[in-house]
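Participant: Here is the input, now give the coordinates:
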Amino acid sequence: MGNFCVILDCGDKRHESGRGQPHSKTLRLIEALWTARQGPGVRLSSAAFLLIAKLCKPAFALIAVLVLTSGCRSGAHKKTNAETFEPPASYVRATNGESNLLELQIAARRFVPSRGKGPAIWLTGVSHIGSTNYFAALQRHLNAQTLVLFEGVGDHSHDFKNHSAEIAATNDPAKTGGGLQSSLANSLGLVFQLDTIDYDRPNFRHSDLSIREIRELLAEPRGSGGGDAAGDFDNLLSMMQGDSFMNVVMQFGLGILASSPKLQAMSKVTLIELITEMGGDPSRLGAISPELKQLLEVLIARRNQQVVDDLKKALKEVGRKGSVSVFYGTGHMPEMETRLRKELHYRPVEDVWFSAISVNLAAAGIFPSELEFIRGFIRSQMKQLSGP
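Facilitator: Modelled structure (predicted):
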């Protein structure tokens, strides 16, 4: 299986009835997508886009988690006490300063021991979709490290190391495990991480849980709240692999985006603003179901613990002058950093920012009023999703 990230369908589980018929919300989504396809002008395309966004409000946030995740260096972090320190700084930011170029930037953060000497640790956050230049810059950064611990929910490391070769052989990323993520990237004129990063390198080491281990964790009792996180996980796998009705709907919608430069640009702007508003941290989504909370806890906290366990062993291997990069989705980084600082007693000293997604607002025909409208819409939806 290819790289796995969090993404759920639009609305709730009622998108299919007991007889397998699509929920009315799904039918409205299809109608909106078809309207966008037939629309002759910007007004209709924009209206259809916003209708799709409202119907897919939960999916927009969780697609951001899925995505969650030449550089310029920021100033050094302030030194802090090992017992008391400020919460991790954000690993994502949007820049729109000198020109009409709106960019989503992702940080790679360097850590050193709080006391004494030891290997450097990089928490290299990644957006799972981005430009070819973005992944080329990331590849150079990763190649320069002594060891790279990379993510991917699969049973064998060669599942990821052989991915690029499989793409070259089939010439179809959708058939090699990328599936919905590759389609999302293609629809936005971007590329998917697994389709471009070269994992077949001697310093790359798989560090993640297997599907079997995740299922076992989700099967553990979680009090009397009920819910079915394991079922959500299986539904997620089915959708990622293209085996669900909702996947068909989303593939259709992504095809619409790919055919309309205006919708494509607006979708990228929305994605940039949403990820930035979340701060790259899915834990800020407060108003979610207990089963989804359990799923996110396993997909983030338990997988992070596996990485920290592997990292403790790796630090002994690379030597005091070596470096280890943890190459994971940006959504993992705030919790991962907290573990580094508390358990390993490391402190952050430097950020390097990589530009992942960019939109030329003027060339795309997106006016300042439209940008502010999208930002206001994202803020209002995030307020609802964040709970009271």
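
Participant: What's the separation between L217 and P261?
Facilitator: Distance, L217 to P261, by CB to CB, to the nearest Å: 43 Å. (Glycine included, C-beta is placed from N, CA and C.)

Participant: ok, the two, which is more surrounded?
Facilitator: L217 (19 against 14; other CB atoms under 10 Å).

Participant: What average pLDDT does the stretch of helix or strand that one belongs to get?
Facilitator: For L217, the enclosing helix or strand under DSSP states H and E is helix 211-218. For helix 211-218, mean pLDDT is 82.

Participant: Ok, stretch 267-286 next?
Facilitator: On average, stretch 267-286 scores 80.

Participant: mind listing what's buried in that stretch?
Facilitator: Going by neighbour count (16 or more other CB atoms under 10 Å), the buried part of stretch 267-286 is 267-282, 285.

Participant: re earlier: which elements pack onto the helix holding L217?
Facilitator: For helix 211-218, the elements it packs on are helix 229-240, judged by 3 or more CB pairs under 8 Å, 6 or more residues apart in numbering; DSSP states H and E.

Participant: quick check: mean pLDDT across the helix it packs on?
Facilitator: On average, the pLDDT along helix 229-240 is 59.

Participant: With stretch 381-388 instead?
Facilitator: Per-region confidence: stretch 381-388 scores 70 on mean pLDDT.

Participant: what do you get for stretch 306-318?
Facilitator: On average, the pLDDT along stretch 306-318 is 95.

Participant: residues in contact with it?
Facilitator: Residues from elsewhere that reach stretch 306-318 (CB atoms under 8 Å, 6 or more residues apart in numbering): 118-119, 121, 146-147, 149, 151, 205, 207-209, 324, 326, 328, 332, 336, 339-340, 343-344.

Participant: among those, which are in strands?
Facilitator: Residues of the contacts of stretch 306-318 located in strands (DSSP state E): 121, 147, 149, 205, 324, 326, 328.

Participant: Please name the nearest non-neighbouring residue to the fourth one.
Facilitator: Think R205. Among residues not flanking R205 along the chain, L149 sits closest, at 5.7 Å (CB to CB, 6 or more residues apart in numbering).

Participant: which sections of this structure are below the confidence cut-off?
Facilitator: In the predicted model, the chain carries pLDDT under 70 at residues 1-84, 98, 154-178, 221-254, 257-258, 281-294, 385-388.

Participant: in it, which spans are strands?
Facilitator: Ranges of strands within the chain are 72-73, 92-95, 101-113, 120-126, 129-130, 147-150, 191-192, 204-206, 323-329, 346-360, based on DSSP E.

Participant: before we move on, the earlier item: any figure for the gap between the residue nearest to R205 and F367?
Facilitator: Taken as CB to CB, the span from L149 to F367 is 44 Å.

Participant: more neighbours, those two?
Facilitator: Ranked by neighbour count (other CB under 10 Å), L149 and F367 place L149 first, with 23 against 12.

Participant: Pull the contacting residues for the more buried one.
Facilitator: L149 sits next to 205-207, 307, 310-311, 314, 324-327 when contact means CB under 8 Å, 6+ apart.

Participant: quick one: which of those residues is nearest S187?
Facilitator: Taking CB to CB as the measure, S187 lies nearest F327 of the contacts of L149, at 24.8 Å.

Participant: how about that closest one, what does it touch?
Facilitator: So F327 contacts 124, 126, 142, 148-151 (CB under 8 Å, 6+ apart).

Participant: Would you reformat the residues you listed as a markdown table and include distance to V92?
Facilitator: Listed next are the contacts of F327 as a markdown table, based on distance: CB to CB, whole Å:
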| residue | distance to V92 |
| --- | --- |
| T124 | 13 |
| V126 | 11 |
| L142 | 19 |
| V148 | 21 |
| L149 | 21 |
| F150 | 19 |
| E151 | 17 |
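
Participant: which one of the residues you listed has the most neighbours?
Facilitator: V126 (29 neighbours).

Participant: Any idea what that one is bridged to?
Facilitator: G329 (DSSP bridges).

Participant: so what's it up against?
Facilitator: Applying CB under 8 Å, 6+ apart, one finds that V126 lies in contact with 69, 106, 138, 193, 327-330.

Participant: I'd say L218 and L295 touch.
Facilitator: Yes: between L218 and L295 there is a contact under CB atoms under 8 Å: 6.9 Å.

Participant: More neighbours: which of those two?
Facilitator: Comparing L218 with L295 by other CB under 10 Å, the one with more neighbours is L295, at 25 against 22.

Participant: Can you tell me how far Q384 is from A265?
Facilitator: As judged by CB to CB, Q384 and A265 stand 25 Å apart.

Participant: and what of T276?
Facilitator: 17 Å.

Participant: ok, now L315?
Facilitator: On the measure of CB to CB, L315 and A265 end up 44 Å apart.

Participant: what do you get for W353?
Facilitator: For W353 relative to A265 (CB to CB), the value is 22 Å.
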